[in-house]
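Novice: can you look at this prediction? I've put the sequence above it.
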Amino acid sequence: MTNLDRVAREIKSVGLYDLILQDVKKILGTERPTVDQIRELLRTRPEILREYKQTNVEYNLSNLHLKPIPTGALKGECRAKAERFNIDLEILKEIEKYTLDFAHSSTLVIIFSVEFFVLFSVQYFIVLLNLKAYQWYIYGLFALSIAAAWWYAKKMQRKYARENARFERLYDESLSLLEELEADGCVKKEDLWIHESDEHV
């Protein structure tokens with residue numbers, strides 16, 4: 001459900017993917033790779049496509065380059081399957097952020113940022129407010145905050161693993177459903193492609 005033509009164009013022309021473009025140039029041995037060369041590289045070197053997808057998820061951009069199926073003109077089983085596909089596509093877009101490795105997620109960055117702020121606050125209370133008499137209580141609270149952060153990080157790590165597995169399963173089911181719809185003549189996948197992102201300005 002990722003449009004390789006779009007991916008190749010974006011890697012070549014959108015600044016967000018400059019690091020990926022540098023890798024592409026090294027692999028191809030040229031300073032001016034064409035869109036066709038990049039597209040072919042995406043097929044033969046899956047790590048380039050993985051890099052692209054990870055970059056998108058980090059920046060909250062979708063790798064699902066399909067729009068919902070218009071159901072107004074469809075009837076019967078075609079309509080029912082199309083509606084199911086549309087619901088699944090929405091769910092996939094909602095949980096796509098969990099496909100990022102937890103170690104690289106913004107959730108972990110936020111946890112570390114909060115803990116840094118708590119540590120700074122501990123030092124502020126003890127030194128600047130001259131609360132040395134209460135420093136062990138303050139350090140105790142800091143230790144509790146570390147324990148709470150560890151517990152929360154573990155909980156979120158499990159959620160990332162669970163939602164990632166759910167994403168993979170639903171992705172395969174949705175792709176099969178789309179292939180069925182196309183085989184039954186209900187829809188053309190070509191008509192559903194989103195050829196460019198509004199976020200790339």
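Specialist: Nice, thanks for sending it over. Residues are numbered from 1 along each chain as shown.
Novice: helix, strand or coil for residue 179?
Specialist: helix (DSSP: H, G, I helix; E, B strand; the rest coil).
Novice: what about it, how many residues close to it?
Specialist: The local packing of residue 179 (other CB atoms under 10 Å) involves 11 other residues. Every residue, glycine included, has its C-beta placed from N, CA and C.
Novice: pLDDT score for it?
Specialist: As predicted, residue 179 sits at a pLDDT of 96.
Novice: need the contact list for it.
Specialist: By CB atoms under 8 Å, 6 or more residues apart in numbering, the contact list for residue 179 is empty.
Novice: from residue 171, how far out is it?
Specialist: 13 Å (CB to CB, to the nearest Å).
Novice: hmm, who's touching the least confident helix or strand in the chain by mean pLDDT?
Specialist: Ranking every helix and strand in the chain by mean pLDDT, DSSP states H and E puts helix 106-123 at the bottom, with a mean of 83. Identification of contacts with helix 106-123 by CB under 8 Å, 6+ apart yields 58, 102, 138-139, 141-142, 145-146, 149, 152-153, 156, 160.
Novice: same question for stretch 43-56.
Specialist: So stretch 43-56 is contacted by 2, 4, 7, 10-11, 16-17, 19-20, 23-24, 27, 41-42, 62-63, 99-101, 104 (CB under 8 Å, 6+ apart).
Novice: how about stretch 125-136?
Specialist: Contacts to stretch 125-136, defined as CB under 8 Å, 6+ apart, come from residues residue 138.
Novice: pLDDT below threshold where in the protein?
Specialist: Across the chain, residues meeting the criterion (pLDDT under 70) sit at 199-201.
Novice: mind listing the strands for it?
Specialist: Applying DSSP state E to the chain gives no strands.
Novice: got the domain ranges for it?
Specialist: Following automatic domain parsing, the chain resolves into domains at 1-63, 75-201.
Novice: export those as JSON lines, with columns for distance to residue 69.
Specialist: Below are the domains of the chain laid out as JSON lines (distance: least, CB to CB, whole Å):
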{"stretch": "domain 1-63", "distance to residue 69": "12"}
{"stretch": "domain 75-201", "distance to residue 69": "4"}
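Novice: what's the most buried one of those domains?
Specialist: domain 1-63 (a mean of 16; mean count of other CB atoms under 10 Å).
Novice: span of it from start to end?
Specialist: 8 Å (CA to CA, to the nearest Å).
Novice: endpoints of stretch 127-143, how far apart?
Specialist: 18 Å.
Novice: centre of the chain versus the least confident helix or strand of the chain, how much separation?
Specialist: Per CA atoms, centre = their mean, to the nearest Å, the displacement of helix 106-123 from the mean C-alpha position of its chain is 24 Å.
Novice: could you check how far the nearest residue in space to residue 141 that is not next to it in sequence is from residue 162?
Specialist: Nearest non-adjacent residue to residue 141, counting by CB to CB, 6 or more residues apart in numbering: residue 122, 7.7 Å away. Taking CB to CB as the measure, residue 122 falls 34 Å from residue 162.
Novice: picking up where we left off before, okay, the contacts of helix 106-123 in CSV with distance to residue 32 next?
Specialist: Output for those, formatted as CSV (distance: CB to CB, whole Å):
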residue, distance to residue 32
58, 27
102, 38
138, 60
139, 59
141, 58
142, 55
145, 52
146, 51
149, 48
152, 48
153, 44
156, 43
160, 39
